[in-house]
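Participant: Give me a 3D structure for the following:
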Amino acid sequence: MKAEVAWQGTLWLRDAHTGAPLAEPLPVHTDSVMSSAVALLDDKPIVITAGLDQRIRA
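Facilitator: Residues are numbered from 1 along each chain as shown. Next comes the predicted model:
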């Protein structure tokens, strides 16, 4: 899985090999997303994002 963030506060989840979207874009922040990370938690992928709205989301 690959995470792609957008300035309008959305997060795209994509297939790491093909780049195809795995779902519709997710509205995760009310302002620009500045960073993201993908990690495993209990062997399940999670995405952590931080935005200009001063929030961190997982």
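Participant: Next one: the residue found closest to Trp7 once you drop the neighbours it is linked to in the chain from Leu41, what distance?
Facilitator: Counting by C-beta to C-beta, 6 or more residues apart in numbering, Ser32 is the residue found nearest to Trp7 once chain neighbours are left out, at 4.6 Å. From N, CA and C alone the C-beta is placed, and that goes for glycine too. Ser32 is 25 Å from Leu41, where distance means C-beta to C-beta, to the nearest Å.
Participant: For this structure, which segments are assigned as strands?
Facilitator: Assigned strands in the chain, in chain order: 2-5, 10-14, 26-27, 33-41, 44-51, 56-57 (criterion: DSSP state E).
Participant: Let me have those strands in TSV, adding distance to Ala20 as columns.
Facilitator: Below are the strands of the chain laid out as TSV (distance: least, C-beta to C-beta, whole Å):
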stretch	distance to Ala20
strand 2-5	10
strand 10-14	6
strand 26-27	16
strand 33-41	16
strand 44-51	16
strand 56-57	23
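Participant: what's near enough to touch Pro21?
Facilitator: Pro21 is in contact with 12-15, counting by C-beta atoms under 8 Å, 6 or more residues apart in numbering.
Participant: Could you check the pLDDT of it?
Facilitator: In this model, Pro21 is scored at 91, pLDDT.
Participant: Likewise for Thr18?
Facilitator: pLDDT, read off for Thr18, is 93.
Participant: what's the burial count for it?
Facilitator: Thr18 has 8 neighbours, counted by other C-beta atoms under 10 Å.
Participant: Great, nothing more from me.
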